[in-house]
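Trainee: Just the structure for this:
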Amino acid sequence: MLLILFYLFIGIVSFHFLYFLLLYSSIAFKKLSKTKQKNSSIPVSVIVYVKDNEEELASFLTTLIEQNYTAFEIVLVNNASEDNSLSILEAYAAAYPFIRLVNVENNEAFWGNKKYALTLGIKVARFDYLLFLEPNASPNSKMWLASMFGQFTFKKNIVIGHTTIQKIKGKLSNKYARYLFFLESLNNFSWTEFHKPIHGNNYNQGYTKELFFKANGFIKQMKIDRGEEQEFIRQISTSSNTVTIYTADSTTILDEKYSWKTNFNKQNEINLLIKRLGFFTQLKLRIYNFSTLLFYLVCTVLLVNLYNWEVVVVLLVVRYLITFIYYNKLFKKFNEKDLLFAYPIIEFIQIIASNYISIKQFISFRKS
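Mentor: Numbers count the residues shown, from 1 in each chain. Predicted structure coming up:
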């Protein structure tokens, strides 16, 4: 039995080496270019979905208005907000000629429907290039718009950016939250390099108006109650029309404080979205987490029994050396350098939590 576990351990370490080599090398060793004011005279519509965001609107809109870009409009889509969001939006729309307001009121057919509200905003937008934001995720710099639009080319008409949360020094829960956002973008962007994105990012993405109407809008997502924008990106994306970006300028910062409970709730939501995907897509997303759990368990059994412990220790060190080399480069690319030395701890928590949530949801599904 121990011999079988020993060979299983060797297989897992080998798999992890190949996983990082094949999946993450394209990002880890890719040279990032600085943001350039490319085609800044080409007009862009920035569509902002608003739902009860009165607390974030002032600072968010200030950041958006001050973008270093020549020609753009802001389309504010208020989806029946119950707070003071509408009055704030009306004031900004009256003060700035390049801001347009779409006020969506509840109706019997589309009560609180986000897809309906976004569709109205897209119809109102005057320009073909569309970028999408929400007020609780502000651009990280005044070059956000230029950085995101700069990724559009004749062939690339879908752009997906990275989103994270504000850094708080000394809080492990904050590091863990940023690790989850990093991991979500890393996996999505890496698989985009191979084939197509797994999902979009409603806090930071863009596509063309032509592409939206060519796909008949959100018609295929009408029965989805959450994550409709992510699913829409999966529908319209191909291996050749999508580009990802994760520079500091292109990143958006989510204005939320993540506790441990919030973190685990986020993992639960991610897992629910993954369950919508096809079998092979789910497999490629879950296999690393499951194999890492096996890595911990098998390594513990072999060391407790002192079975070829010298080789086991060497393989343990080699595995972490490989991951440290890659994560050192990857964390730098995503502007999360401070996560490197906390990585072994937060990875362990993430692996345990992810597998626990997956098993729990699977059991609940089987019972129902």
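Trainee: tell me the contacts of the residue nearest to residue 307 when sequence neighbours are not counted?
Mentor: Counting by C-beta to C-beta, 6 or more residues apart in numbering, residue 307 lies nearest to residue 2, which is 4.5 Å off, once chain neighbours are set aside. In short, each C-beta sits where N, CA and C put it, glycine included. Contact criterion C-beta atoms under 8 Å, 6 or more residues apart in numbering gives 301-302, 305, 307 as the residues in contact with residue 2.
Trainee: For residue 1, grab the count of nearby residues.
Mentor: For residue 1, the neighbour count with other C-beta atoms under 10 Å is 8.
Trainee: tell me which element the residue nearest the centre of the chain is part of?
Mentor: The centroid of the chain falls nearest to residue 185 when counting by C-alpha atoms, centre = their mean (4.3 Å). Element membership of residue 185, judged by DSSP states H and E, is helix 172-194.
Trainee: I'd like to know which elements that helix is packed against.
Mentor: Using 3 or more C-beta pairs under 8 Å, 6 or more residues apart in numbering; DSSP states H and E as the contact criterion, the elements in contact with helix 172-194 are helix 25-28, strand 158-161, strand 163-165, strand 242-245, helix 260-274, helix 309-333, helix 343-367.
Trainee: Buried deepest among those, which one?
Mentor: The densest packing among these, expressed as mean neighbour count by mean count of other C-beta atoms under 10 Å, is seen in strand 158-161 with a mean of 27.
Trainee: What's the separation between the residue lying closest to residue 352 once chain neighbours are set aside and residue 356?
Mentor: Setting aside the residues directly before and after it, residue 352 is nearest to residue 293 in space (C-beta to C-beta, 6+ apart), at 7.3 Å. Residue 293 sits 10 Å away from residue 356, going by C-beta to C-beta, to the nearest Å.
Trainee: and what of residue 180?
Mentor: Here the distance between residue 180 and residue 356 works out to 15 Å (C-beta to C-beta).
Trainee: Could you do residue 307 as well?
Mentor: In this structure, residue 307 lies at 27 Å from residue 356, with C-beta to C-beta as the measure.
Trainee: again, but for residue 156
Mentor: Separation of residue 156 from residue 356 (C-beta to C-beta): 38 Å.
Trainee: The stretch 1-150 of the chain: helices as residue ranges?
Mentor: Along the stretch 1-150 of the chain, counting by DSSP state H, counting those that start in this stretch, helices occupy 2-19, 25-28, 54-65, 85-95, 114-124, 144-149.
Trainee: Just give me the neighbour total for residue 120.
Mentor: 17.
Trainee: Surely it and residue 103 touch.
Mentor: No - no contact is recorded between residue 120 and residue 103 when judged using C-beta atoms under 8 Å, the distance being 9.4 Å.
Trainee: Can you give me every residue that contacts residue 360?
Mentor: When contacts are counted by C-beta under 8 Å, 6+ apart, residue 360 is found next to no other residue.
Trainee: again, only this time at 10 Å
Mentor: 268, 271 (C-beta atoms under 10 Å, 6 or more residues apart in numbering).
Trainee: pLDDT wise, what is it at?
Mentor: Per-residue confidence (pLDDT) for residue 360: 81.
Trainee: Now stretch 221-240: average pLDDT?
Mentor: Model confidence over stretch 221-240 averages 79 on the pLDDT scale.
Trainee: For it, what is the distance to the chain centroid?
Mentor: Relative to its parent chain, stretch 221-240 has a centroid offset of 14 Å by C-alpha atoms, centre = their mean, to the nearest Å.
Trainee: i'd like the first residue to be 57 from this point on
Mentor: Let's use 57 as the start, then, which means that last one is stretch 277-296.
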